[in-house]
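structural data only, the sequence is not supplied:
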């Protein structure tokens, strides 16, 4: 298939699922050349014992190599794990949670963590059909109470038809601990950098999840929602991580910056800005205006943009966490946050000159006036010209952070 797509010169993007023991570097290279942009690898468990139990028998070290090679080719690798098998122990669960962090560091994203659902017709369902139970929880759109209750009755009354909503008995694991995993995995993906940083210090993602489960249950009233008490929002998870730091359970000079960075990103995700994002086509037209007009253009930092100062180079910190390298020392850095579209936040590291330019982007000063108001560099280098201001602003305009209008 890949060879034929490449031979014909066809151009389209596609994704797929694969086992890690049926794919190699040659196949991956051919797939990416043929337009593959993402692969889902269902690993199911980070425990070798559970790999044997479910008869999947994957070599997790080989799986790690496959994921690294996938991402090195520029192809996104998504990894999925499952917990809640009938024979699973706390030690097995610890290995699976550890594997989640290891595959994140290998470049996979997202890394899903699902609670086991025994589908009707599977061997697991046949072996456990007399021990299945429905705990009243299922993921769905918000529904009116009457509709929700009707759904509960259908699921409870037809376990064979709705087997994917039922669970198996786990003698060695607390089912309440497993209940919140479906929801915590997306939050781990959103907040992976501070979480990986904390886990590197504390040593256990499962221990962190246990603390979160207890924290969330203490703050949520049972029965107030059809969702489990262990569920929560990204905002709540950030508060939880901040409390860990305040209590001295995490000793890190970098964590404050990381949590502030992620909090601002979450604010942007949830914000309802009055000013709609500027269409990129319009911005690109403004950027490519006739040269004689550029110096008279009036730039303005849009409402959906925010300049924030940090104690550390956040980009370097994130890179060090992802690769497992030593974290950098203090280096004051400015980051521009901009919302390109709903739910899509762009972050850009801003240098000294760019910060000076942006501080003057008030919707009044023209590009030429901005250049004239910036003092000549103390190191004797060339003063800022309108052309330099335009060069600084162009990527920011294209990112949707700056809007250009014409004077008059």
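Cool, got the structure. Here the structure is a predicted model, which is why all the values come from computation and not from measurement.

hang on, residue 16 in a strand?
Yes: assessed with DSSP: H, G, I helix; E, B strand; the rest coil, residue 16 lies in a strand.

burial count for it?
Neighbour count for residue 16, taken as other C-beta atoms under 10 Å: 11. Quick note: C-beta positions are derived from backbone N, CA and C, even for glycine.

got a list of what the closest residue to it other than its chain neighbours touches?
The shortest distance from residue 16 to any non-neighbouring residue, by C-beta to C-beta, 6 or more residues apart in numbering, is to residue 39 (5.9 Å). Residues in contact with residue 39 (C-beta atoms under 8 Å, 6 or more residues apart in numbering) are 15-18, 23, 31, 70, 75-78.

hmm, who's touching the helix or strand hosting residue 61?
Using DSSP states H and E, residue 61 maps to helix 60-72. Residues outside helix 60-72 that contact it (C-beta under 8 Å, 6+ apart): 20-21, 23, 25, 28, 39, 41, 43, 46, 48, 51, 76-77, 79, 99, 102-103, 106-108.

which ones among these lie within helices?
Members of the contacts of helix 60-72 lying in helices (criterion: DSSP state H): 25, 28, 48, 51, 99, 102-103.

can I get those in a markdown table with pLDDT and neighbour count?
Shown next, in a markdown table, are those (pLDDT from 0 to 100; neighbours: other C-beta atoms under 10 Å):
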| residue | pLDDT | neighbour count |
| --- | --- | --- |
| 25 | 96 | 13 |
| 28 | 97 | 21 |
| 48 | 97 | 14 |
| 51 | 97 | 19 |
| 99 | 97 | 23 |
| 102 | 96 | 18 |
| 103 | 97 | 24 |
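
ok, the residues you listed vs residue 11, which is closest?
Residue 11 has its nearest neighbour among the ones in helices among the contacts of helix 60-72 in residue 28, at 19.1 Å by C-beta to C-beta.

what sits against the closest one?
66, 69-70, 73, 75.

just send the residues you listed back as CSV, with distance to residue 148 and neighbour count too.
Shown next, in CSV, are the contacts of residue 28 (distance: C-beta to C-beta, whole Å; neighbours: other C-beta atoms under 10 Å):
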residue, distance to residue 148, neighbour count
66, 41, 24
69, 45, 18
70, 40, 27
73, 45, 15
75, 40, 17
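
assign residue 307 to helix, strand or coil.
strand.

same thing with residue 371?
helix.

if we can go back for a sec, and the helix holding residue 61, what's buried?
Neighbour-count burial for helix 60-72 flags 60, 63-64, 66-71 (criterion: 16 or more other C-beta atoms under 10 Å).

okay, the angle between it and strand 14-18?
Angle of helix 60-72 versus strand 14-18, following axes from the mean of the first three to the mean of the last three C-alpha atoms, to 10 degrees, is 170 degrees.

give me the distance between residue 25 and residue 32.
11 Å (C-beta to C-beta, to the nearest Å).

returning to that earlier point: buried ones among the contacts of residue 39?
Buried among these (16+ other C-beta under 10 Å): 18, 23, 31, 70, 75-78.
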